[in-house]
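> structure for this input, please:
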Amino acid sequence: MPDHDSTSPLQSLSDGLAELVTSAAPAMVSVHSHRSRASGFVWRPGLIVTADEALAEDGAVAVVLPGGQSVAATVAGRDPTTDVALLRIDQPAPAPVTLVSATVRAGALALVVGARDGGPCAALGMVALAGAGWRSLRGGAIDARIELSVSVRRSSEGGLVLDAAGRAIGMAVFGPRRRVLVIPSATIERVAAKLASDGRIARGYLGLALQPVKLDDARVGAMVMGVAGAGPGAASGIRQGDVIVAWDGKPIRSVQTLLAALGPDSVGTVVRLSLKRAGEPAEASLTIGERPEA
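Presented below is the predicted three-dimensional model:
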């Protein structure tokens, strides 16, 4: 029979995990928007970070603080490309979380801490993949690729991801096929700061409506289906019916890949486009503009 007066290794682990959740809980909030429940955390006094994907497109937003008090929130800004949204509340909130850009390794334990009805909820898993920075399908620059092997309830999306030392290394979001991805701390700090100051993240703009088309050599091009009258494409002389076959000398892999290159850093840069115009080669120099607000 085990000696119940001594602490077993499993009990020590259990107590340690519970302590990590307890330590993070004061900064965790529930986020309620139209038909949506998610989690978030206090990033700066009066500012809440949550997952953009889990936030309704319109309607009222409320934040449930630790203890159960519900307060109205406004959207300070949102960036679908990195899945970061920033909410503002006028009521005093708990102390902000300290985000840490720590080295993450595959196989390390990871704890996802969310919030529900004014209290914390948690799930334990491990880092399934840790890699270099990447771009999301919408073109957002994510500073590191971190995937977790963990089962997380829908309402925990937007919650904190802690490492075994209790450091907040990012935010949990759902990727394709409900895989749990981590938006790392460096990305959150960069994007949230821009949302707090400007309310939006600038995106590159071509002023072109594009559609994929197969070329004679089995490669893919981007056919211009429309040209905005005052857009960068029109200014560079691109015409409807042109087919973009290369971007700065590199063949077009897909329209999606081309559009993904239009991140914040692309605004103001000049690109050389190789075209097919009525079957003949042509060139255009285009200065990427800033996408107008909808």
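
> which residues touch the top strand by length along the chain?
Identified as the longest strand of the chain according to DSSP state E is strand 119-131. For strand 119-131, contacts defined as CB atoms under 8 Å, 6 or more residues apart in numbering pick out 17, 21-22, 24-25, 28, 66, 68, 104-115, 144-153, 155-156, 180. (Glycine included, C-beta is placed from N, CA and C.)

> only alpha carbons, please: show stretch 204-215 as PDB.
This file holds the C-alpha atoms of stretch 204-215, laid out as PDB (Å, rounded to 0.1, in the frame of the first residue of the first chain):
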ATOM      1  CA  GLY A 204      -1.200  45.800 -49.100                       C
ATOM      2  CA  TYR A 205      -3.500  46.500 -52.000                       C
ATOM      3  CA  LEU A 206      -3.200  45.900 -55.700                       C
ATOM      4  CA  GLY A 207      -6.600  47.200 -56.800                       C
ATOM      5  CA  LEU A 208      -7.000  44.100 -58.900                       C
ATOM      6  CA  ALA A 209      -9.600  41.300 -59.000                       C
ATOM      7  CA  LEU A 210      -7.700  38.100 -59.800                       C
ATOM      8  CA  GLN A 211      -8.600  34.600 -60.800                       C
ATOM      9  CA  PRO A 212      -6.300  31.600 -61.200                       C
ATOM     10  CA  VAL A 213      -5.700  30.400 -64.700                       C
ATOM     11  CA  LYS A 214      -3.600  27.500 -66.200                       C
ATOM     12  CA  LEU A 215      -0.800  28.500 -68.500                       C
END
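
> how far out from the middle of the chain is stretch 233-250?
Relative to its chain's centre, stretch 233-250 lies at 30 Å (CA atoms, centre = their mean, to the nearest Å).

> mind listing the strands for the stretch 101-250 of the chain?
Assigned by DSSP state E, counting those that start in this stretch, the strands in the stretch 101-250 of the chain fall at 109-116, 119-131, 134-135, 141-142, 145-149, 160-163, 168-174, 180-184, 204-205, 208-214, 220-227, 243-247, 250-251.

> E280 is nearest to which of the ones you listed?
strand 243-247 (10.9 Å; CB to CB).

> same for that closest one, what does it pack against?
If you count contacts as 3 or more CB pairs under 8 Å, 6 or more residues apart in numbering; DSSP states H and E, strand 243-247 packs onto strand 220-227, strand 270-277.

> could I get those strands as JSON lines with distance to W134 and mean pLDDT?
As requested, these are exported to JSON lines (distance: least, CB to CB, whole Å; pLDDT from 0 to 100):
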{"stretch": "strand 220-227", "distance to W134": "21", "mean pLDDT": "94"}
{"stretch": "strand 270-277", "distance to W134": "21", "mean pLDDT": "95"}
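
> just send those strands back as TSV, with mean neighbour count and distance to V97 too.
Shown next, in TSV, are the helices and strands packed on strand 243-247 (neighbours: other CB atoms under 10 Å; distance: least, CB to CB, whole Å):
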stretch	mean neighbour count	distance to V97
strand 220-227	18	42
strand 270-277	17	39
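
> those: which one's closest to Q211?
strand 220-227 (5.0 Å).

> partners of that closest one in the sheet?
strand 208-214 (antiparallel), strand 243-247 (antiparallel) (DSSP bridges).

> buried ones in the shortest one, by neighbour count?
By that I understand strand 243-247. 243-245, 247 (16 or more other CB atoms under 10 Å).

> and the first one, by the same measure?
Buried positions in strand 208-214, judged by neighbour count with 16+ other CB under 10 Å: 208, 210, 213.

> quick one: residues in contact with that strand.
Outside strand 208-214, the residues that reach it (CB under 8 Å, 6+ apart) are 220-228, 231, 233, 238, 243-244, 254-255, 258-259.

> try it again at 7 Å.
220-227, 233, 238, 243, 254-255 (CB atoms under 7 Å, 6 or more residues apart in numbering).
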